[in-house]
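1. everything below, folded, please.
(2 chains)
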Amino acid sequence: MQKIIKIIILFIFLFVIGIFYISLTRDTNYNTSNLINKETPEFKIISFDNSNSYTRDDIKKNNYTLINFWASWCAPCKIEHPILMRLSQTKNLVILGINFKDKESQAKSFLSELGNPYDLLAKDKNGKQSVRFGVYGIPESILINKDLMIIQKFVGPLSFEDYNNIIKIIE
Amino acid sequence: MKLNLFIFIIIFFSEFSFAKEKTVDPNQIHKNLRCLVCQGQSISDSNSDFAQTIKLVVEDLIDEGKTEEEIYSFMSDKYGDWIVFKPQFNIQNSLLWILPYIVLIFGGFFIFSFLKKRQ
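-> Predicted structure coming up:
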């Protein structure tokens, strides 16, 4: 009987150590990487000038599409803007900018001041469309291929490392 | 006696009809969804921008006729299982669900055999 008790105590001890080890070594930064390698969700998003709307069919036409969620009130969006401007000069990539919960006049002055890197420009006034892409804060960018598969998801401002990563993928 | 039986049948079947018409409660869903940009708050407790957006999306999904489970599944699909306070049963978290029952069975068996031996 005492042998069984010892085995049970040892098992509980190893179990607790195991749980501690897993919890302490795992990455605690929340990310939505589970969307990578999944198909782009169905969406219908109104263009910035209200003239038309964009759907998955508009993405299908391009070899690669980078969907970038941004706003004029978002400070990190200004940090990543030069990267987007550089990406806009590359071939093989279409950038769809989604203006997130922003005032139209302020968004326009943001782009006229810093430049417009977007081939397609849309707006998500109440943020509902962004939920379809698993966005929980901006800036966020999603790289999608011709087959509508999500290849990469960038949470936070794009860095030069991300730029190089994107260039490697699309070339 | 017949009247009592009649009243019982009426109440019994009206319960069923109420059960059928039971609508999805958005507040219940908000309570079971985690605010990802807050510290340990649910969507229901939070006034953050993210929580407001999720509330709008939940409202839309209810209008589309989605059930509570389908809404949780939609949210898990977009943000991972972390967004749901009560995790859904799947292979990854099966141990989390099954382990308490295993401990209960083995614990009961252990106590039973221990007491039996003492007697």
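2. residues in contact with the closest residue to B:V37 other than its chain neighbours?
-> Among residues not flanking B:V37 along the chain, B:F50 sits closest, at 4.8 Å (C-beta to C-beta, 6 or more residues apart in numbering or on different chains). All C-beta spots, glycine's among them, are computed from the backbone N, C-alpha and C. With contacts defined as C-beta atoms under 8 Å, 6 or more residues apart in numbering or on different chains, B:F50 is in contact with A:Y136, A:G137, B:C35, B:L36, B:V37, B:C38.
3. what comes into contact with stretch A:2-9?
-> So stretch A:2-9 is contacted by B:F110 (C-beta under 8 Å, 6+ apart).
4. can you find the helix or strand in chain A with the smallest mean pLDDT?
-> Here the helix or strand of chain A ranked lowest by mean pLDDT, DSSP states H and E is helix A:2-25, holding a mean of 86.
5. measure the residue positioned nearest the centre of chain B to B:V58 for me?
-> Closest residue to the average C-alpha location of chain B: B:K86 at 6.2 Å, with C-alpha atoms, centre = their mean. B:K86 sits 16 Å away from B:V58, going by C-beta to C-beta, to the nearest Å.
6. what's across from A:E39 in the sheet?
-> A:M149 (DSSP bridges).
7. contacts only, for it.
-> A:E39 makes contact with A:L148, A:M149, A:I150 under the criterion C-beta under 8 Å, 6+ apart.
8. low-confidence ranges in the chain?
-> Answering for chain A, as no chain was given. Confidence mapping of chain A against pLDDT under 70 gives the ranges A:27-32.
9. other chain: chain B
-> Along chain B, the model assigns pLDDT under 70 to residues B:1-22.
10. mind running it again at 90?
-> Chain B contains residues with pLDDT under 90 at B:1-24, B:36-40, B:76-82, B:85-100, B:102-103, B:106-107, B:110-111, B:113-119.
11. elements contacting the longest helix seen in chain B?
-> Looking across chain B with DSSP state H, the single longest helix is helix B:94-118. Judged by 3 or more C-beta pairs under 8 Å, 6 or more residues apart in numbering or on different chains; DSSP states H and E, helix B:94-118 has no packing partners among the helices and strands.
12. show me what from chain B comes close to chain A.
-> B:36-37, B:49-50, B:52-54, B:56-57, B:60, B:78-80, B:82, B:110, B:113-114, B:117 (C-beta under 8 Å from any C-beta of the partner chain).
13. whichever of those residues end up buried, select them in ChimeraX.
-> Typed into ChimeraX, the line below selects the buried ones among these, using 16 or more other C-beta atoms under 10 Å in any protein chain shown:
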select /B:36,50,53,54,57,78,79,80
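14. can you tell me which of the residues of chain B next to chain A end up in strands?
-> If you go by DSSP state E, the residues of chain B next to chain A have nothing in strands.
15. hang on, the earlier thing: out of the contacts of A:E39, grab the one that's most surrounded.
-> Counting neighbours by other C-beta atoms under 10 Å in any protein chain shown, A:I150 comes out on top of the contacts of A:E39 with 21 neighbours.
16. that one contacts A:P41, doesn't it?
-> No: with contact defined as C-beta atoms under 8 Å, A:I150 does not count as touching A:P41 (9.2 Å).
17. which residues sit in contact with residue 88?
-> Using chain A. A:S88 sits in contact with A:I95, A:P117, A:Y118, A:D119, where contact means C-beta under 8 Å, 6+ apart.
18. actually it's chain B I care about, not the one you picked
-> Contacts for B:Q88 (C-beta under 8 Å, 6+ apart) come out as B:Y72, B:S73, B:S76, B:D81.
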